[in-house]
Structure formats: structure tokens, C-alpha cells
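A.B. asks: Provide a 3D model corresponding to the input given below.
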Amino acid sequence: AAQRERTGKLKMSDLAQFFHLPINAAAKELGICPTVLKKICRRNGMRRWPHRKIKSIERIIATLEQTIAEGSGQGDESIRMEISMLRNERAQLCAGLMGEAQRV
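C.D. replies: A predicted model of the protein is given here:
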């Protein structure tokens, strides 16, 4: 009963600080089981835990930054714009503003 009361009050803003962790690690940090964490996410409109999406975006950003560092200067502006869009998407995911990120 106490866990239900405690988890019932959890909001996405409370969970957002754990999005960089896998769901099992985040659940352990919160002191709840992964199933309860998934239910809280679904109740708040998030279909998937964003850890893997965030890591994917970070890998793409690192690759693009490396391309700029090694590049000849051609197309750097478009790469910088792509990096900026990816950083914005990552920030929105980390803030819990996007349920399922969809790139434009």
C-alpha cells in the first residue's frame, strides 16, 4: 500500500533525471520494480523508456562532431544544424517532453 501511494505520486519530471539509465537501473535507483516504472511511464503517455534513444542520439552527435573535426570544411554548416537538431531532441527526451521521439 505504501509503495502504491508513493509511486502514484511520481511524475515524468521525477523520472526524467533517470532517463540516461537503463530501465532496470532506474527502477533500482527509485526503489521500485521495472514493471511499476513502465506502468508509470505509460500512464503519462510515454510508450518506451528513452535510454536507448538518448544513447543513439549521443552516438550520432559524436560521429557528426568527429566528421567536422576531420572534414575539409564542406558541408560543415549543414552538419552543425543536424547536431543542433539532435541536441534539441535529446534535451526534450531528457526533460520528459516527448513520449516517442520522431525526427523531422
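
A.B. asks: ok, T63 to E29 distance?
C.D. replies: 29 Å (C-beta to C-beta, to the nearest Å). Heads up, the C-betas are built off the backbone N, CA and C, glycines and all.

A.B. asks: So which elements touch the host helix or strand of R42?
C.D. replies: Per DSSP states H and E: R42 is located in helix 34-43. With contacts taken as 3 or more C-beta pairs under 8 Å, 6 or more residues apart in numbering; DSSP states H and E, helix 34-43 sits against helix 2-8, helix 12-15, helix 23-30.

A.B. asks: where among the ones you listed is the average confidence lowest?
C.D. replies: When the helices and strands packed on helix 34-43 are compared on mean pLDDT, helix 2-8 scores lowest, with a mean of 68.

A.B. asks: on that earlier part again, between the helices and strands packed on helix 34-43, which gets nearest to R80?
C.D. replies: Taking C-beta to C-beta, helix 12-15 is the member of the helices and strands packed on helix 34-43 nearest to R80, at 30.3 Å.

A.B. asks: Return the list of helices and strands in contact with that closest one.
C.D. replies: Partner elements for helix 12-15 (3+ C-beta pairs under 8 Å, 6+ apart): helix 34-43.

A.B. asks: now the angle from the helix or strand that comes right after the helix it packs on to helix 23-30?
C.D. replies: Counting by DSSP H and E, the next helix or strand C-terminal to helix 34-43 is helix 51-70. Relative orientation of helix 51-70 versus helix 23-30 (axes from the mean of the first three to the mean of the last three C-alpha atoms, to 10 degrees): 110 degrees.

A.B. asks: Give me the neighbour count for the closest residue to L93 other than its chain neighbours.
C.D. replies: Excluding its sequence neighbours, the residue lying closest to L93 (C-beta to C-beta, 6 or more residues apart in numbering) is P50, at 4.7 Å. Residues near P50, counting by other C-beta atoms under 10 Å, number 26.
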